[in-house]
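*Asks:* Starting from these lines, generate the structure:
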Amino acid sequence: MELVKKIEIITNSLELPRVLKILEKAGVSGYTIIENVTGTGDRGRVINDLATQALTNGYVMSICTEKEHQLVKAIEPVLKKFGGVCIVSDAKWIAH
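*Replies:* Now for the predicted structure:
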């Protein structure tokens, strides 16, 4: 069992490629993407009944063993410009 940081990012679906490029540049080798994320927050309700992805959200989850501060610092400008949230929490990696 290894102590790690869990990184969760929710942002506009159009910005997912930019976020993934930041993850890869930071050396993150794996992540999970969930597209068409719905919910409600400080910007109102996001629903998934649109014909285009322009106004939908995507969710990215990854694990970092180090340098999460650099990763968050690199993602922050994207979130400020296009909206979204990044959550960093402590987690335990249990190998399968």
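
*Asks:* residue ranges with poor pLDDT in this protein?
*Replies:* For the chain, residues meeting the criterion pLDDT under 70 lie at 41-55.

*Asks:* how about the helices of this structure, start to end?
*Replies:* Along the chain, the stretches classed as helices by DSSP state H are 16-25, 68-82.

*Asks:* Out of the ones you listed, which is closest to residue 3?
*Replies:* Proximity to residue 3 (Cβ to Cβ) singles out helix 68-82 among those, at 12.0 Å. Where C-beta positions appear, they are placed from N, C-alpha and C, glycine not excepted.

*Asks:* Let me see the contact set for residue 26.
*Replies:* Contact partners of residue 26, counting by Cβ atoms under 8 Å, 6 or more residues apart in numbering, are 64, 67, 70, 71, 74.

*Asks:* how near is it to residue 38?
*Replies:* Remark: distance between residue 26 and residue 38 (Cβ to Cβ, to the nearest Å) = 28 Å.

*Asks:* I'd guessed residue 13 sits against residue 38; true?
*Replies:* No - applying Cβ atoms under 8 Å, one finds residue 13 not in contact with residue 38, separated by 11.7 Å.

*Asks:* rewinding a little: by neighbours, which of the contacts of residue 26 wins?
*Replies:* residue 71 (23 neighbours; other Cβ atoms under 10 Å).

*Asks:* still on that earlier bit, tell me which of the helices of the chain lies nearest to residue 57.
*Replies:* Using Cβ to Cβ, the nearest of the helices of the chain to residue 57 is helix 16-25, at 9.3 Å.

*Asks:* And for the closest one, what's in contact with it?
*Replies:* Outside helix 16-25, the residues that touch it by Cβ under 8 Å, 6+ apart are 9, 11, 31, 33, 35, 58, 60, 62, 71, 74, 75, 78.

*Asks:* Most widely separated two among those?
*Replies:* Using Cβ to Cβ, these reach their maximum pairwise distance at 35 and 74, which is 21.9 Å.

*Asks:* Need the residues touching each of residue 13 and residue 38.
*Replies:* Joint contacts of residue 13 and residue 38 (Cβ under 8 Å, 6+ apart) are residue 57.
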